[in-house]
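Visitor: Need a 3D model of the following:
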Amino acid sequence: MKIVKHAHDARRGVMGSIVGISKKNSYEVTNCFPYLESGEPDAEKAAEISDDYTYAMLDVLKDVNIDDNEVGWYESCLTSAVCTKDFVNIQLSYQKRFGEHVVGLVYNPLKSLQGHQLCLRAFRLSNTFMDLLEDDEVSVTQEQIRELGLDSSKILEEIPVKIVNSPLNKAFLYEMSKSHDPKESRRGRLTL
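Guide: Residues are numbered from 1 along each chain as shown. Here you go, the predicted structure:
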């Protein structure tokens with residue numbers, strides 16, 4: 001819900017870090033926080049500021065006894081194109097730093113609004129793609145992808161997403177759906 005709120009409040013593409021528990025065959029995302037937008041024109045300086053912020057946030061989560069294990073990152077994307085150079089490079093840096101069990105979550109707010117269903121997909125780089133890269137490569141170019149002769153289905157592997165809400169979230173969502181009911185609105189009921 002935080003990812004959805006972040007994307008809708010910003011009304012543009014947003015990114016952030018997801019934390020939780022990484023199990024052998026599944027990931028449990030328990031929290032997230034947005035990346036810091038430094039406004040710094042120098043890309044290296046901006047990345048350094050963002051990394052410092054991320055480590056500080058993880059320390060705060062640890063101090064208040066909340067899961068502080070990075071299990072990936074998220075972005076909102078207004079198109080269906082997920083396999084972009086930027087997505088691949090960010091996911092590559094995460095998988096090199098934390099291992100193959102990290103994911104990139106992609107939330108599409110437009111599709112979610114049109115279909116009235118949450119459009120949230122999870123991806124990681126495929127083993128085939130990772131095997132073709134050199135061990136020391138930290139970024140990938142479009143030319144390299146063309147030379148390798150790979151299409152998006154061989155670069156990214158989609159991970160099924162299962163959303164589980166706590167009883168408190170279920171109660172909140174139920175109350176929210178009741179407050180948007182036209183029958184309730186005509187009676188003049190105020191729900192806070």
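
Visitor: Once you drop chain neighbours, what's closest to the residue most central in space within the chain?
Guide: Centroid check for the chain by C-alpha atoms, centre = their mean gives Tyr74 as the closest residue, at 1.5 Å. Excluding the flanking residues, the one nearest Tyr74 by C-beta to C-beta, 6 or more residues apart in numbering is Leu105, at 4.0 Å. Every residue, glycine included, has its C-beta placed from N, CA and C.

Visitor: which residues in this structure form strands?
Guide: Ranges of strands within the chain are 15-22, 27-34, 70-76, 103-107, 120-125, 156-159, based on DSSP state E.

Visitor: Any idea how far the third one is from the middle of the chain?
Guide: The one in question is strand 70-76. 3 Å (C-alpha atoms, centre = their mean, to the nearest Å).

Visitor: Packing partners of that strand?
Guide: helix 2-10, strand 15-22, strand 27-34, helix 85-98, strand 103-107 (3 or more C-beta pairs under 8 Å, 6 or more residues apart in numbering; DSSP states H and E).

Visitor: hmm, who's touching it?
Guide: Outside strand 70-76, the residues that touch it by C-beta atoms under 8 Å, 6 or more residues apart in numbering are 3, 6-7, 10, 13-22, 27-29, 32, 58, 87, 90-91, 94, 98, 101-109, 122.
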